[in-house]
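Enquirer: Need coordinates for the following:
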Amino acid sequence: QVQLVESGGGLVQAGGSLRLSCKISGNIFSRNVMGWYRQAPGKQRELVAEITSGGSTNYRDSAKGRFTISRDNAKDTVYLQMNSLKPEDTAVYFCALRGVLTPGEYEDDYWGQGTQVIVSS
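Expert: Numbering: from 1, shown residues only. Alright, predicted model coming up:
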């Protein structure tokens, strides 16, 4: 069973920083893409940033220059460093993993429970 556990959310003033962490546990054959998504009240879940197994990254436009995604394969952890936070960054942030559980199977998506980020103005 694969589990993703997020931490690091909280309340911060505009202009501040937070670092989110996502610890992966369980046996999974390949971790192809890891990402951070967010969902604000009344809105759809949206991709914030993602990183491939090769280290390539992709960010939504509003996160470019402010957020940095990274992964520590030895610790099975992915991070999201968020700087210059804005009230519009307020959302529940979810960690996601796209991978193959066992050889020969198709890719599947795994999700964490989410961590709340609130940015006050």
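Enquirer: The helix or strand containing Leu80 - contacts with which helices or strands?
Expert: Following DSSP states H and E, the helix or strand that holds Leu80 is strand 77-82. In this structure, strand 77-82 packs against strand 18-25, strand 30-39, strand 46-52, strand 67-72, with contacts taken as 3 or more Cβ pairs under 8 Å, 6 or more residues apart in numbering; DSSP states H and E. C-beta: built from backbone N, CA, C; applies to glycine.
Enquirer: Could you pull up the mean pLDDT of the third one?
Expert: In this model, strand 46-52 carries a mean pLDDT of 97.
Enquirer: before we move on, what about the shortest one?
Expert: Model confidence over strand 67-72, given as mean pLDDT, is 96.
Enquirer: likewise the second one?
Expert: Along strand 30-39, the predicted confidence averages to a pLDDT of 94.
Enquirer: Would you list the strands that it pairs with, along with their directions?
Expert: Strand pairing for strand 30-39, determined by DSSP bridges: strand 46-52 (antiparallel), strand 91-100 (antiparallel).
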